[in-house]
Every structure is written in structure tokens, then in C-alpha cells.
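K.L.:
Predicted model, plus sequence, below.
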Amino acid sequence: MLKNEIINKLRKIVGSENVLNSKITMTTYAYDSSPFLGKPGAVVFPTTTEMIVEIIKLANKYNIPVTPRGAGTCLCGGAVGVEDAIIISLAKFNRILEINAVNRTALVEPGVVNKELQLAAEPYGLMYAPDPASQNVSTIGGNIAENAGGIRGVKYGCTKEHVLGLEVVLPSGEVITTGGLNSQVDPEIDLTYIFCGAEGTLGLVTKALLSLTPINSDTKTMTAVFATLEDAGACVSEIIAKGVIPTTMEILDNTVIKAVEDYAKLGLPKDAAALILLEVDGFPAETKAMVENIIQAFKNNNSINYKIAKDEKERQDLWKARRAVNGALGKLKPSNVVHDIVVPRDRLAVMLKKVAKIAEKYDIIIGQVAHAGDGNLHPTLYYDHRIPKEADVIEEACDEIIKETINEGGTISGEHGIGLEKLKYMPLAFSQPSLDYMKKIKESFDPENRTNPGILLP
Amino acid sequence: MNKNVILEVLMKCNRCGLCQEVCPTYRVSGNEFAVARGRNRLIRMAIEGQLEFDKEPEIEQFINECLLCKACETNCPSGVPTPELISQVREYYTSTKGLPIAKKIMYRGVFSHNKRIDLVRRLAKVYQKTGIKTLVRMTGVNNIFNKADDMLPDLPKNSVRGQLPMLLKNIHQPKYKVAYFLGCSVNNFFSSIGVATIKVLQKNSCQIIVPDVNCCGAPHNSAGDQREFKRLAIKNLKELAKLDPDAIIVDCSTCGSILKEYVGLFENEPEYQKLAKQIAEKVKDISSFLIEIGFKKEMGEIKARVTYHDPCHGVRFLNVQEAPREILKSIPGIELIEMNEADMCCGGAGSYSIFYPKLSRQILSRKINNFKKTGASILATSCPACTMQLSFGMKLHELTSPVKHPVELLAEAYDNKAK
């Protein structure tokens, strides 16, 4: 519980309607989309940079930890905060300040929902390339904090490739601007990228200058069914080896296909071992050539059948189904852990198989969906948290998945972040000197460790 | 559902947060306790014993702030039936604490009895026509009464039921025999919809019977008054069972979906459930029925740009989406244009607008702003409850655009041909 004195001061800063601290409201800000729970002391909804500066200064004066939060769809426990933290919800700090079609940029506040930006950019023939599966609700601030990727990541890259400049309130309460938002055009050490993927531990982004990408004139969306995961994995490798860069290339395993089909009812084959969902974009001449190459790869790798979406509705249905994966799997068991491992593309088929073997070994359900084009796998492990033994088994299986990932030359997170969930794997993924330097960076920004403490760095 | 079943259902929610996109209360408030995921979390914690329903008035408030619009459930990848869970909790509150007095007077006292609704309508009409309104306002009586008063449309002089002898005709060689379920709102507040429904059906060679039914029970159900809901359902089922029509026509999406919900209501009473199933199969929304029978296309022109608002009970409960649009498109002169978020709740939700005016008005304003952007001059919708709310919205935004049922426009188009 935070003292009344502090609550009152927060009310003065943001207005009393923008401060929550009752027991019941706190319960609804104790979670995100991960299994981790926090115990917030208060939630505040600032709508200006100045308000955030005041909140940070107040927190510093009383030595209270703060945690920034967007839509609360974090998958690694990065938005729940430590006990009695002030949760700074940026959900209402959500204006799109400018769309500049000539510069192809957008200037936004951190609470803007990814999809709202897409809708705002569309009339100009532009898009904001990063499109995490949560894009209909997740915010730009959260996307930057986690360096979110998305379904189009294989062609367009993750969030940090599209951030041009930031305004950030530092843990000291100072405000800096970086990159394209900096008035000085002299060469600088561009601090922009240090905040992308820092999970809100180095400061709070209050404005972001983002780059927008032209929407290509032609899009083709295809699905192909495979009898084994290996065939699907090998197919992905062949497509990439042929020089085709799809906009997206996803592999869904049987568990995922079934769950998604139950929800979306698209006529996906519920008995298939693997499904590749793939999209290419470009000028019609380009897409035509790509489609031919892809169909060849499907055939070479024993695809049972393949289809090209015949219209925009069919295409949207497929993507809606893909975006529903995380939620749709919720009905299998009451709890789950979703991993975010990355391996080199040529190890993808091997890794998919290894995860399937681990599921067999521990006799558990693991659903696998992978952004195959960039080697990013999302194995999701299902269990019942009320049965202590099940939770233990899951932990062991997770450890093994991570170990195998590292063995294959991979790493522990592609886009979901480390948060609380993967803290213990950090020493496996990074050398001690690397970790030491990361800590030094954190200390230089936040010597008192008050900004989103407890996550990311062990 | 018992506690264990509810808990199992709740655990399907893995807090992915996709409900934020479609939940009207979240869209206008941005608050996590005003979205399905948050409400589910609270219910789960209460059932698990970490919180107590009875000791935390905020839980009751957040549960009651749900519109039961079902948008979350439709959009939920896990298919968590949040509205059903909310209804269960409300039922619990009503069974332990009883209905709030205002709801008791309104629902059990008035809506349960046809004669009393009629009386209230007539009194209200007098109240609107004479100077009593200003007088009462000056005395500043009960706040809730004032809010209800703001919402009330200009009342018709006669109920539909009162006009039936003049409206109903014997159709020569009818193609269909239909029962028209005349709901309370259409009958008393929006009689022009009922008159249009009858005219259009007769124009399409339907012999109409109007059974002597009661309120469908929607207000009682949403307030968690299951006992009264059941009593009304049984009365209606018995009344409808006396007939053997080709279809039971509804022009109120809410009545339609509630009639279909009778099936679930009698889970443990097989006899009534069987009856409910037979009835449910015959219930048809007027637009869908007209499309199905291939309605007559001899129409005159209505020159207007029209946009359509999907009532929650139409689009998500009855799965009616295309039919009313088809009808509007078929009318010569009408340009149908889609508005943003056409299927988002208007914030009416029965008496929600009276009990939760702030949220309700924010949701309503969002809707009216979406309407404005279309440049349409008529807002069409298939539910009198939405009509009441949307008309109120027009008033608040100082717009003169009428809110009309597609069947009203169709009747007008038929008339225009005759002219």
C-alpha cells in the first residue's frame, strides 16, 4: 500500500480521475498476458510528458519503483511491476501527432495502438511495418519496449528498424530527444536503439518518430499442408535459398492448427502435421515470379496440397486466424508458457523436431507456431497450475528447450522480451562480460534501480 | 453453471487482451476493469476465494457496467462466454440482495404486465403533452426518473395492439401464416415499426396472427431476475404453442434473441425445453424472413443516404447482418453506406443508459460521431432499444436525422409506389 500522501500527490499531478489505487482496481492491473502477477500500489494515467516527469520526480523523492504499461499484453511479465510499484499506464497518452506522407514518418505518443497507426497510415498508401500478433490492441510504447517483431518481420524487420527517433523521460526525470527528434544534426551517438528492447528499464518513451513503409501493390497469400514438420521446415529453407523473401512465412503445427480451426472455422486440415502460411508482396510481376518459385518449393518438399487465397476476405480470415493463435490455445489447459526462441534459419526444421521430441519425452502438450522466415519459434507449453507436479515438469521441459536452442546456435528471445520469465536463462545466452556491460548501461541510466526493476537483467 | 464449471470456463481466458479491441466500455474508458479480461479476472478471484463478491462493491459495479453486447465473446480466440459469466454473477447478486428498487418497479412492476405498460405509456404521453413535464422537472424529483425521461421518445398516441383491429386484414390466398411477436417497446414506444411490419408482411401475402404475449423477459434477464424471467418465458411459450405458424416474426432483435434463449433457460426442465426448441426454430427476424421468401420489389423511390447500425442482439445473437442491408439496398434511391464500428454497441443495452449514464453517453457519442462521418441522413437499425438510444444521441448532438427500422423504410417505399 502506498501512503495517502503519495496518492494525493499523484492526484495533483494527473488529476484524481487518472489515479487508481483501490484494492479491486489494482487486481485488474496486476497481470499482463504472461502467467506472472504483480501487486501494484497505484496506477496513473498521464497524458503529457510533463506529467510523467513529475511522477518520476515524485517516485524518486519517495524511493518508489515505477513500471510503464501499455495495453498489458506483454508475454514475459514485463508490465506487472514489483510490489507497491506505481504503474504508469500510457494507454490514454495516445494521440497520433502527425503522419507525414512525404517524409514517410509518423510522430506518435506511446499509447497509440499499433492498429490505429496502421489505419491512419493506410489512406496515404503507407503502413507501419512491425505487426505483432497483438497489433489490434498492443501499443507503440510497448512494441518499442519489447522490440516487437511480427508476422511481416522476415521481410521488414522488427520495431527497432522502424524507429527514427524518441523522446524519453529518463529515470532521473530529465527529458532527452534522440535520433530524428534531436534538433542537432551533428553526428551523435544515437541513443534511440538503446531504448528499443530495453523493456522500459532505461526510461519511458513519451514520443516516437517512426518510419512508414509503402504498401505494395500486389499481395499473394498462400497455404501449404505437410505430413511432417521436417518437410515444412525444409520447404522454408528452400524458399529462402531460392532468393525469395516473403513478407511473412509462418509454420503452424498440428496442435495449433486444431485450436485455430476450432475458433476460425476456415476449413484448415485438422489432421495435418504442419501448415505453412505465407505471403509475398511487390509489383505483380515480382509476386508472379515469387509464387512460381514457392509452388516449386512446395512440390519439392512433399506438400500434400497448397492454396492461394482467392480474395481479400479469404486473406484477412487467414491472418485473423493466425493472430488468434495465442488466445485460441488458451482453452487447452488453464495455464501456459509461450517461448520465443530463435535459431538460424537452416536449423529451423531440426529445432521444430527437437521441441516435438521434448513434448513426447515429458508427455505434455506443446503447440508450435513459428515465424519460420526469420527462425523465430513460439513453442507454447500447456499445463494446469493447480497440479504442482505439472508445473515442475513444464519448467524442466522449458529448460531443455532453451538448452537445445543454445546448442543450435540460437538465442532465448526474438520479440517477446526477457521480463521475469527468461531472467534465469540470461547467463546461458550471454557471456558474463556481456551481462556486466548491460548492467553498467542500466546503472548509468538508473543508478537507483527504480525504473521497471526486477526484470531483464539477472 | 456451478462454481467448478464457471472456474473451468474462466481459465480458458489466458488474458491475451484481444477483447480490448472490441469492448465498448474499454474503448471509451481505457480501463482494465472495464474489459472482459479484467471482469473475468475479478470473477475468477472471487470464485477462488481471493476476493469476496459481497464485500467489494466495486466488483458489483464493474460487473454491472458490462453491456452484455457479446462483442468480446465473438472476438475471443478461446471463446470465453463472458456475457454468460456476467449474467451468472448478476443472478447471484439478485438472489442474495434482491433487485435494486428502481429496477424492481420498472421490470417486475411494469414490464411484467401488459396493462401497466400501456397505462404508463398513456400517462407519460399526457406528461409529455401538457406542462406537467416542466413542473416535475422544477421540483427536481428523482434523478433516475429524469434520466429515463430524457431518453423517452415522443410517444405515439396509440399502441400497436390498440390499432390491431384496423391494421390486420384477411389475406386472400395467403402464402404464409405467420405469428407476429409484438414486443413491449415496439407496441408502446415505437408503434410505427409495428405498423410497418404488419403492412409489409401483408403486402407479401402473409396472414398474420398477433398472439397475446407478455414481455419477452429481456430486462428481467439482464438484471439477473431469473425467477421472473422464467415466469414470463413459460407464459409466452404456452401462448405461442397454441399456434402453428410458418414462422414467428420479430422486428425487435432483443425479443428475437431472448425467445431463442428460452432453450438454455429450461436446461433442467425437459418439457419446457422441448417446447422452447420448437418455438426457437420458428423465430425469424423480419428482414431475414423477407429475404428468405423473396419479398416484393415493387417499390417507389426514397432518396436518401442511409447507414445501418447492427444491434448487438441482431448481429451477434441472431446472426443477422446481411439481410437488413440487402433490404435497404433494394430500395430505389437509397444509397447504403457503411459506418465505422457499425456492429459496436450503442450503449443503450436496455436500461443501462439510465443506470450508467456516463459510460452509456460516451459510447453513444462514439456511435453518433461514426454516423456523422458517413454523411447519411437516416440511421437504420432493427431494434427499438437501439432506436431509443440512438434517437437520444441525435438529440444530444443536435441532429435531426431520424432513426428508422429497415421495415419502416420498406413500407414507405411500397407506399411511394402506390402513390
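P.N.:
Here it is on my side, so go on.

K.L.:
Name the residue of chain A with the shortest distance to chain B.
P.N.:
residue A:327 (2.9 Å; CB to the nearest CB). (Each C-beta comes from the backbone N, C-alpha and C, glycine too.)

K.L.:
Show me the shaky parts of the chain.
P.N.:
Picking chain A for this. Scanning chain A for pLDDT under 70 picks out A:183-187.

K.L.:
Switch to chain B, please.
P.N.:
B:127, B:129-150.

K.L.:
Thought residue B:77 was touching the residue of chain A closest to chain B, still the case?
P.N.:
Yes: using CB atoms under 8 Å, residue A:327 is in contact with residue B:77, at 2.9 Å.

K.L.:
Who has more neighbours out of those two?
P.N.:
residue A:327 (28 against 25; other CB atoms under 10 Å in any protein chain shown).

K.L.:
Which strand or helix spans the more buried one?
P.N.:
Counting by DSSP states H and E, the element that carries residue A:327 is helix A:325-328.

K.L.:
Might you enumerate the residues of the stretch 1-150 of chain A proximal to chain B?
P.N.:
A:20, A:22-25, A:27-29, A:31-33, A:45, A:71-73, A:89, A:91-92, A:94, A:115, A:134, A:136-138 (CB under 8 Å from any CB of the partner chain).

K.L.:
mind running it again at 6 Å?
P.N.:
In this structure, the stretch 1-150 of chain A approaches chain B at residues A:24, A:25, A:28, A:29, A:31, A:33, A:71, A:73, A:91, A:92, A:136, A:137, judged by CB under 6 Å from any CB of the partner chain.

K.L.:
Smallest gap between the stretch 1-150 of chain B and chain A, at which residue?
P.N.:
For the stretch 1-150 of chain B, CB to the nearest CB, closest residue to chain A: residue B:77, 2.9 Å.

K.L.:
Is it correct that that residue falls within a strand?
P.N.:
No: using DSSP: H, G, I helix; E, B strand; the rest coil, the assignment for residue B:77 is coil, not a strand.

K.L.:
Please name the bridge partners of residue A:175.
P.N.:
Beta-bridge partners recorded for residue A:175 (DSSP bridges): residue A:169.

K.L.:
How about the contacts made by the residue of chain A closest to chain B?
P.N.:
B:16, B:18, B:77, B:78 (CB atoms under 6 Å, 6 or more residues apart in numbering or on different chains).

K.L.:
try it again with 10 Å
P.N.:
A:33, A:133-134, A:259-260, A:263, B:12-19, B:75-80 (CB atoms under 10 Å, 6 or more residues apart in numbering or on different chains).

K.L.:
Just to be sure, which of the residues you listed are found in helices?
P.N.:
A:259, A:260, A:263, B:75 (DSSP state H).

K.L.:
Export those residues as CSV, with columns for distance to residue B:303 and neighbour count.
P.N.:
Converted to CSV, those look like this (distance: CB to CB, whole Å; neighbours: other CB atoms under 10 Å in any protein chain shown):
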residue, distance to residue B:303, neighbour count
A:259, 50, 26
A:260, 46, 28
A:263, 43, 20
B:75, 37, 20
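
K.L.:
How is the chain divided into domains?
P.N.:
In the absence of a named chain, this looks at chain A. Using automatic domain parsing, the domain parsing of chain A gives A:4-89, A:96-214, A:218-327.

K.L.:
Hmm, no, I was thinking of chain B.
P.N.:
Split into domains by automatic domain parsing, chain B comes to B:3-97, B:102-151, B:160-291, B:294-418.

K.L.:
Can I get the ones you listed in TSV including distance to residue A:307?
P.N.:
Below are the domains of chain B laid out as TSV (distance: least, CB to CB, whole Å):
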stretch	distance to residue A:307
domain B:3-97	22
domain B:102-151	51
domain B:160-291	31
domain B:294-418	25
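
K.L.:
Select, out of the ones you listed, the one closest to residue A:410.
P.N.:
Residue A:410 lies closest to domain B:3-97 among the domains of chain B, at 25.3 Å (CB to CB).

K.L.:
Can you measure across that closest one, start residue to end residue?
P.N.:
Terminal residues of domain B:3-97 lie 19 Å apart, using CA to CA, to the nearest Å.

K.L.:
For whichever residue of the stretch 251-400 of chain B sits closest to chain A, give me phi and psi.
P.N.:
Ranked by CB to the nearest CB, the top residue of the stretch 251-400 of chain B for proximity to chain A is residue B:340, at 9.5 Å. Backbone torsions of residue B:340, given as degrees, to the nearest 10, read phi -60, psi 140.
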